[in-house]
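Colleague: With the input below, show me the fold.
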Amino acid sequence: MRSVLFFLVSLLILFLLITCIGLFFPARVTISRAVDISASRSTVYPFLSDPSRWGQWFPGAANWPLVNIGDRAAGIATPNGNSLLIKPQNDSTVLVQGLQAASIDGDMGFKLIGSQADPHVTVQWYMNFYFDWYPWERFSSLLLEKKYGAYMEQGLKQLDERIQSDARRN
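Modeller: Numbers count the residues shown, from 1 in each chain. From the prediction side, this is the model:
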C-alpha cells in the first residue's frame, strides 16, 4: 500500500513540475516569413485577398474546395475540416481566421510592406498560435517553427514565381 501511495504522489509531483515548467513557455507564439517581390502592391494584393487565387500559390490549396458566403468565395476548406476565412482589412493587410493545429487555436495573415508607388513589395506571412495552460500544448510550441516555417517559405516562393510568370506573359 505504501509503494502505491508513493507512486501516486510521485506522479502528482511530476505532473505539477512539468506543468510549472510549461508555464514558462509563452501562451502565444508567432511564426513569420517574408519575401521581396518585384511587383506593385496592387498586383500582389489580389493573390492574397481572393480565395479563388490561393490555389495558384498556397501549398495544397489547389485541391481544397472554396467556402462560399452568399454569392462570393470567402475562404477555403482545409482537409482537417477547418475553414480558413479570408478577411481583407485594407490595401496592405489580409487577416485569415480559422487556423487550427490539432486543438491549438490561431490566426494568420499577410502584410504588404512598401509604398503604393514602389515597384517592389515585401509580403510578410505570419501565423499566431494561442495556447492554454496545458503542458502538452505549451511544449508543442517548440515544434511549430519547424512544422510551419518551411511550409510558409514554400508558399511565398510559389507566390513570387506565380507573379513573376504572370508579369513575363503580359
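Colleague: At which residues are the helices of this structure located?
Modeller: 2-22, 41-49, 135-169 (DSSP state H).
Colleague: Now do the buried residues in the shortest one.
Modeller: When you say that, I think you mean helix 41-49. Arg41, Thr43, Val44, Tyr45, Phe47, Leu48, Ser49 (16 or more other CB atoms under 10 Å). For every residue, glycine as well, the C-beta is placed using N, CA and C.
Colleague: could you check the angle helix 135-169 makes with that helix?
Modeller: Helix 41-49 and helix 135-169 are oriented at 140 degrees to each other (axes from the mean of the first three to the mean of the last three CA atoms, to 10 degrees).
Colleague: so how far is helix 41-49 from its chain's centroid?
Modeller: From the chain centre to the centre of helix 41-49 is a distance of 18 Å (CA atoms, centre = their mean, to the nearest Å).
Colleague: try the longest one
Modeller: If you compare the mean C-alpha spot of helix 135-169 with that of the full chain, they lie 8 Å apart, counting by CA atoms, centre = their mean.
Colleague: again with the first one
Modeller: With CA atoms, centre = their mean as the basis, the distance from the averaged C-alpha position of helix 2-22 to the chain average is 36 Å.
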